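In: sequence plus the predicted model coming up.
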Amino acid sequence: MVVLATASAPEGEAVFSRWGRAGVEHFERMGLPARALPVRDREDAGRPEFADAVAGASLVFFSGGDPGHLSRTLGGSRLLSAIGELLDVGGVYGGCSAGAMVVGAAGQPGGRFSFGSGLGLLRQEVFGVHWDATFAAPWRAVLRSRVPRGCRLIGISERSAILGGERGWAVHGGGRVEVRDGEGSRWFSAGDEIPGRPS
């Protein structure tokens, strides 16, 4: 598996290296071999050796940081194509914070935490993160109002994770997950399953 700390690159080399190292150590503690790919910018995202590393992986994991930078770096890149191909053959995408935000649909731009950062790997889902954090309160309503037509919002609280994909998501951890669509808002806790989108 590969770990990419791309979203943290604007914060400097020390932060970028720390995120990459933390990701590798996390997976290695579980007995899973991992390596960090030093993808910092658009030039790196176009390098064939990094795309090849993703193509040969079972899981690609993106750290937190700036979702806008991550989206601008990956959008339309060779690396993003490799990630898409990995998912097509059953590979896994994982991410926290910015790494989780960008997997969903693209939406309206409007600031660092806008849905304009989505890469469209999951075209009908929009992901919000840190959903129960105090600092998130001012922009939760803004994010809810910017969900593109035909998409649903999945707001993931801290200490929570969702595992699954377009056929449904299992909720894990100590927080809750909000799902908001045309029918209103529902909340899910650990052990619950968020249904997939109708085909």
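Out: Everything's here; your move.

In: what's the burial count for Gln124?
Out: 16 (other Cβ atoms under 10 Å). Every residue, glycine included, has its C-beta placed from N, CA and C.

In: in contact with it, which residues?
Out: By Cβ atoms under 8 Å, 6 or more residues apart in numbering, Gln124 lies in contact with 105, 150-152, 166, 197.

In: repeat for Ser8
Out: Per Cβ under 8 Å, 6+ apart, neighbours of Ser8: 15-16, 19, 63-66.

In: make TSV from those and add distance to Ser8, pLDDT and neighbour count to it.
Out: As requested, the contacts of Ser8 are arranged in TSV below (distance: Cβ to Cβ, whole Å; pLDDT from 0 to 100; neighbours: other Cβ atoms under 10 Å):
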residue	distance to Ser8	pLDDT	neighbour count
Val15	5	97	15
Phe16	5	98	22
Trp19	5	96	25
Ser63	6	94	25
Gly64	7	92	19
Gly65	4	94	22
Asp66	8	92	20
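
In: can you tell me which of these lies closest to Ala53?
Out: Ser63 (16.3 Å; Cβ to Cβ).

In: ok so, going back, quickly check the contacts of Gln124 for the two that are furthest apart.
Out: Going by Cβ to Cβ, the pair spanning the contacts of Gln124 furthest: Gly150 and Glu166, at 14.0 Å.

In: check which helix or strand the most centrally placed residue in the chain maps to.
Out: The chain has Ala100 as the residue nearest its centroid, 1.9 Å off, counting by Cα atoms, centre = their mean. Element membership for Ala100, per DSSP states H and E: helix 98-101.

In: go on, Ala161?
Out: Counting by DSSP H and E, Ala161 is part of strand 160-165.

In: show me what that strand is in contact with.
Out: 122, 131, 154, 156, 169-177, 190, 193-194, 196.

In: try it again with 6 Å
Out: 169-173, 175, 177 (Cβ atoms under 6 Å, 6 or more residues apart in numbering).

In: what helices or strands is the next helix or strand after that strand leaning on?
Out: Next helix or strand after strand 160-165 toward the C-terminus (DSSP H and E): strand 168-173. Applying 3 or more Cβ pairs under 6 Å, 6 or more residues apart in numbering; DSSP states H and E, we find strand 168-173 packed against strand 160-165, strand 193-195.
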